[in-house]
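*Asks:* sequence unavailable; structure follows:
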C-alpha cells in the first residue's frame, strides 16, 4: 500500500502557549487522516500523469442543492474592488459550517478541483463558496488591478464579511496551488489576529516558495505547464488592456516566455513590489508558516512536477503544532487521482475527500462554548 508521509503536529518543540486543542486534538486529527493514505491509480504513478489525468478524468457535479442554483455574490475587498463567489447554502445556513474554496493560477470558481471539493463539502453538510481570485472567472470589470499571490487581504475581507455581516460561526478557507499559498500566508501574517470564526485553513500543492517554483517550471520537462500558464496570462493582460487602455504596457508582451519574465515585467510592478525577487520573497508563504496559529492542512506530493517538495523543510513544519502535512510519494500537482477506494466507490479524488474530512474533524473537536 502506498504510504502517506506526514509531518507530526506535535513534538518537543511545541510552543508553551499552544492551546490544548492543538497539542492533543490536532494529533487526533492527524492520526485519523493517516488512516486513509493515498494509493495512486495503478496506471498513473508519475507526477506528470497524475497532474494531467486529473484535469481530464470524467466527472459529474451537482451544481445545485436540488432546488435553487448557486447564488452569485460579490464581496467588496477594498474600495472599488470586488471579487465574485458562487455560493451554495444549506437550508439553515447559520446552523452549518462554511467552506470557502479557491483555485490556482489562471483558474476560476469553475476549476475542476474547486467544483469537486464544493460538491463533497455541501453533501457533508457545509455551506460552500467557490471564490474567484481578483479578476478571475470573467470578472476583469470588477477590479482595476490583476490578482497575485500577495493579495491575502482579499481573502481576509471575504472571511470578515461572512463572519460579521452573515454571522456565520464556523468558516474554513483554502485552495489549490496559488490560492493555497495565499491561504497559508494569510494565516501566518495574521496569526492570533485572524477572525475567530475562521477555524482552519487548507492548501493543496501550494507554491510556498515562489522563487523556487519559478525555477522548477522552467525545466524542459515542464514546458507544457509553463506554456499553458504564460499563454493564459498574456491573454488576460490583453483583455485587461482592452478594458482599461493605458494601464499596462503591452510592448514586449509577445516576447514573454516564462512565468518569471511575466512576473518581472507585469506582476511585480503592478503589485507595488520593488522587483520580481521582492515579490517572490514577500508573497511566499514559507517564511510565515511558523506564525500560523490555526489548524492548517497541507497536502503536497513528493513528485509534484513544478512545486519542489524540498520547499517544505520537515523540521520547520514539525516545529509548528498547528500544521499537518500529508505528503504522498505520488500525486503530481493537484492530481491525487487514487485507485478506486472502498469508502467512496467511483470517486477517486483523494485530496478533496481529505479537505472535507479535515474540516469536519476540526469542527468536531472545537472546545465547547467556542
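*Replies:* That came through fine. For clarity, every value in this text was computed on a predicted model and none was experimentally measured. Residues are numbered from 1 along each chain as shown.

*Asks:* with residue 327 as the reference, measure out to the closest residue to residue 150 other than its chain neighbours.
*Replies:* Residue nearest to residue 150 in three dimensions, not counting chain neighbours: residue 283, with 3.6 Å by Cβ to Cβ, 6 or more residues apart in numbering. All C-beta atoms are positioned from the backbone trio N, CA, C, and that covers glycine. Distance from residue 283 to residue 327, counting by Cβ to Cβ, to the nearest Å: 23 Å.

*Asks:* between these two, which one's more packed in?
*Replies:* residue 283 (23 against 20; other Cβ atoms under 10 Å).

*Asks:* identify the residues contacting the helix or strand hosting residue 353?
*Replies:* Element membership for residue 353 (DSSP states H and E) is helix 350-364. By Cβ atoms under 8 Å, 6 or more residues apart in numbering, the list of residues contacting helix 350-364 from outside reads 28-29, 32-33, 36, 38, 97, 99, 101, 113, 116-117, 120-121, 124, 126, 170, 172, 174, 199-200, 202, 204, 295, 297, 299, 324, 326, 331, 334, 336-338, 341, 344, 347.

*Asks:* narrow those to those that are buried.
*Replies:* 29, 33, 36, 38, 97, 99, 101, 113, 116-117, 120-121, 124, 126, 170, 172, 174, 199-200, 202, 204, 295, 297, 299, 324, 326, 331, 334, 336-338, 341, 347 (16 or more other Cβ atoms under 10 Å).

*Asks:* return the subset of the residues you listed lying in helices.
*Replies:* Among the buried ones among the contacts of helix 350-364, the members found in helices (DSSP state H) are 29, 33, 113, 116-117, 120-121.

*Asks:* dump the residues you listed into TSV; add pLDDT and distance to residue 144 as well.
*Replies:* TSV is the format used below for these (pLDDT from 0 to 100; distance: Cβ to Cβ, whole Å):
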residue	pLDDT	distance to residue 144
29	94	41
33	95	41
113	97	29
116	96	32
117	97	30
120	96	35
121	97	32
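
*Asks:* what is the nearest of those to residue 309?
*Replies:* residue 33 (18.5 Å; Cβ to Cβ).

*Asks:* residue contacts, that closest one?
*Replies:* 6, 297, 324, 326, 354, 357-358, 361.

*Asks:* next: residue 104.
*Replies:* 111, 175-180, 205, 334.

*Asks:* so residue 108 sits against residue 137, correct?
*Replies:* Yes - between residue 108 and residue 137 there is a contact under Cβ atoms under 8 Å: 3.8 Å.

*Asks:* quick one: low-confidence ranges for the stretch 1-150 of the chain?
*Replies:* Along the stretch 1-150 of the chain, the model assigns pLDDT under 70 to residues 1-22, 62-68.

*Asks:* with the stretch 251-370 of the chain instead?
*Replies:* Using pLDDT under 70, the stretch 251-370 of the chain drops low at 342-346, 368-370.

*Asks:* which residue ranges of the chain form helices?
*Replies:* With DSSP H as the criterion, the chain has helices spanning 20, 26-34, 47-56, 112-123, 152-164, 178-190, 210-216, 223-243, 259-262, 268-270, 276-283, 314-319, 350-364.

*Asks:* ok, and which of those helices has the densest surroundings?
*Replies:* Across the helices of the chain, the average number of neighbours (mean count of other Cβ atoms under 10 Å) peaks for helix 178-190, which reaches a mean of 26.

*Asks:* helices or strands next to it in the packing?
*Replies:* Under the contact definition 3 or more Cβ pairs under 8 Å, 6 or more residues apart in numbering; DSSP states H and E, helix 178-190 sits against strand 98-102, helix 152-164, strand 171-176, strand 198-204, strand 296-299.

*Asks:* now the ones you listed as CSV including distance to residue 58?
*Replies:* Shown next, in CSV, are these (distance: least, Cβ to Cβ, whole Å):
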stretch, distance to residue 58
strand 98-102, 21
helix 152-164, 32
strand 171-176, 20
strand 198-204, 21
strand 296-299, 23
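
*Asks:* quick one, which of these gets closest to residue 55.
*Replies:* strand 171-176 (11.6 Å).

*Asks:* list of residues touching the closest one?
*Replies:* By Cβ under 8 Å, 6+ apart, strand 171-176 touches 97-104, 107, 111, 113-114, 126, 131, 155, 159, 162-163, 180, 182-183, 186, 195, 197-205, 297, 334, 355, 359, 362.

*Asks:* model confidence over it, on average?
*Replies:* The average pLDDT within strand 171-176 is 98.

*Asks:* any chance of TSV for the ones in helices among the buried ones among the contacts of helix 350-364, columns distance to residue 146?
*Replies:* Converted to TSV, these look like this (distance: Cβ to Cβ, whole Å):
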residue	distance to residue 146
29	36
33	35
113	22
116	26
117	25
120	30
121	28
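
*Asks:* out of those, who's nearest residue 254?
*Replies:* Among those, and counting by Cβ to Cβ, the member closest to residue 254 is residue 113, at 31.2 Å.

*Asks:* please name the nearest non-neighbouring residue to that closest one.
*Replies:* Here the residue nearest residue 113, using Cβ to Cβ, 6+ apart, is residue 176, at 5.1 Å.
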